[in-house]
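Asker: my questions concern the predicted model and sequence given below.
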Amino acid sequence: MVPITILHYLIVAAGLFVLGVVGVLTRRNVVIILMSIELILNAVNLNLVAFSRLWGLHGQVFAIFVITDAAAEAAVGLGILIAFFRNKETVNVDEVDLLKW
Amino acid sequence: MTPVATPFFFYLLSSLALLGGILVITRKNAVHSALALILTLLALAGLYLMLYAPFVAGVQIILYAGGIMVLFLFVIMLVSIEKSQREEQFNKQWIAGLVAAVALGALFVRVFVKSKALHDLAGMHPAQLPEQSNTQEIAVYLYGNYMLAFEIASLLLLVAIIGAVVMAKKRI
């Protein structure tokens, strides 16, 4: 069996990243779009931790900062979603067109 | 100490992670998507353990799978899911979105196949990371090198708390 190198982890992370991009670009449900953003952030985290295997712990520290950002983003995004749902009774992004000219 | 059956666990965990990712973006019911995302997060925590990052793996499980996903599930229960399940799941420009994502994937494949630097990385010897004192080392970095970033992160969380309350409250 081929020994597992950093490259394998990077390929898995790239796959997760592409899945997240597909989710963001094609789904209508805001909740699922936010979850796809979490997928993207996790792919980045996997990259950072994989590189920290080669160059010391800085990558892991940065991964923790990315997790903090993800928590803040999820809280604010879901708050916006609740405010939006209260006004328009929908969770579809293509019905968010208040600012569309 | 060499870990046992590392390739087997790597392929198991990474296929679970990718399977969870596929389920997240294809399920109709948002609750099913959230559960699939939890599967992905737990598989990624396993991968972090294989990369000798036990602290990040613990944070991943406690904060992501335990905290953020509970928040997601609460919000899914607050907004009505029955109505959105009967509607069209993919937006009108989904073909263009899919083409763009496939182009991005092709770019990744090309980089991974062609790049010399990445293939040098594959041959590089892993650094000797401290396995026993991983958490202490990370704490030293957090409170030493990254002190300012740490403080800014706490400020960011404060702003996020206030922002979420302001957004979600009916009348302030």
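Answerer: Here it is on my side, so go on. Not measured: the values here are computed from a predicted model.

Asker: so where is chain A shaky, pLDDT-wise?
Answerer: Counting by pLDDT under 70, chain A contains low-confidence residues at A:1.

Asker: scratch that, chain B
Answerer: B:1-5, B:80, B:126-130, B:172.

Asker: domain parsing for chain B?
Answerer: Here the domain parsing of chain B from automatic domain parsing is B:1-84, B:133-172.

Asker: hmm, the longest helix along chain A touching chain B?
Answerer: Longest helix in chain A, counting residues (DSSP state H): helix A:58-88. Yes. For helix A:58-88, a contact with chain B is found by Cβ under 8 Å from any Cβ of the partner chain, at A:58, A:60-61, A:63-65, A:67-76, A:78-83, A:85-86. Backbone N, C-alpha and C define where each C-beta goes, glycine included.

Asker: identify the residues contacting stretch A:79-95?
Answerer: Stretch A:79-95 is touched from outside by A:28-31, A:33-34, A:96, B:75, B:78-79, B:83-84, B:87, B:91-92, B:163-168, B:170, with contacts defined as Cβ atoms under 8 Å, 6 or more residues apart in numbering or on different chains.

Asker: what of stretch A:31-39?
Answerer: By Cβ under 8 Å, 6+ apart, the list of residues contacting stretch A:31-39 reads A:16-17, A:19-24, A:27, A:70, A:73-74, A:77-78, A:81, A:91, A:93, B:21, B:24-25, B:27, B:30, B:33-34, B:37, B:40, B:64, B:68, B:72, B:75-76, B:79.

Asker: let's see 7 Å
Answerer: Residues outside stretch A:31-39 that contact it (Cβ atoms under 7 Å, 6 or more residues apart in numbering or on different chains): A:16, A:19-20, A:23-24, A:27, A:70, A:74, A:77-78, A:81, A:91, A:93, B:21, B:24-25, B:30, B:33-34, B:37, B:40, B:72, B:75-76.

Asker: ok, of those, which come out buried?
Answerer: Neighbour-count burial (16 or more other Cβ atoms under 10 Å in any protein chain shown) applied to these gives A:16, A:19-20, A:23-24, A:27, A:70, A:74, A:77-78, A:81, A:91, A:93, B:21, B:24-25, B:30, B:33-34, B:37, B:40, B:72, B:75-76.

Asker: among those, name the ones in helices.
Answerer: Counting by DSSP H, the part of those found in helices is A:16, A:19-20, A:23-24, A:70, A:74, A:77-78, A:81, B:21, B:24-25, B:30, B:33-34, B:37, B:40, B:72, B:75-76.

Asker: need the contact list for the residue positioned nearest the centre of chain B.
Answerer: Chain B has residue B:41 as the residue nearest its centroid, 5.9 Å off, counting by Cα atoms, centre = their mean. Residues near residue B:41 by Cβ under 7 Å, 6+ apart: A:42, B:60, B:64, B:65.

Asker: wondering if whatever helix or strand residue A:13 lives in reaches chain B at all.
Answerer: For residue A:13, the host element (DSSP states H and E) is helix A:6-26. Yes. Part of helix A:6-26 sits near chain B under the criterion Cβ under 7 Å from any Cβ of the partner chain, namely A:6-9, A:11-12, A:14-16, A:18-19, A:21-23, A:25-26.

Asker: flag every buried residue along that helix.
Answerer: For helix A:6-26, by 16+ other Cβ under 10 Å, it's A:6-10, A:12-26.

Asker: what of stretch A:32-44?
Answerer: Neighbour counts over stretch A:32-44 (16+ other Cβ under 10 Å) mark A:32-44 as buried.

Asker: report the two of the residues you listed separated the most.
Answerer: The largest separation in these, counting by Cβ to Cβ, is between A:32 and A:44 at 19.2 Å.

Asker: what about residue B:64, how many neighbours?
Answerer: When counting by other Cβ atoms under 10 Å in any protein chain shown, one arrives at 25 neighbours for residue B:64.
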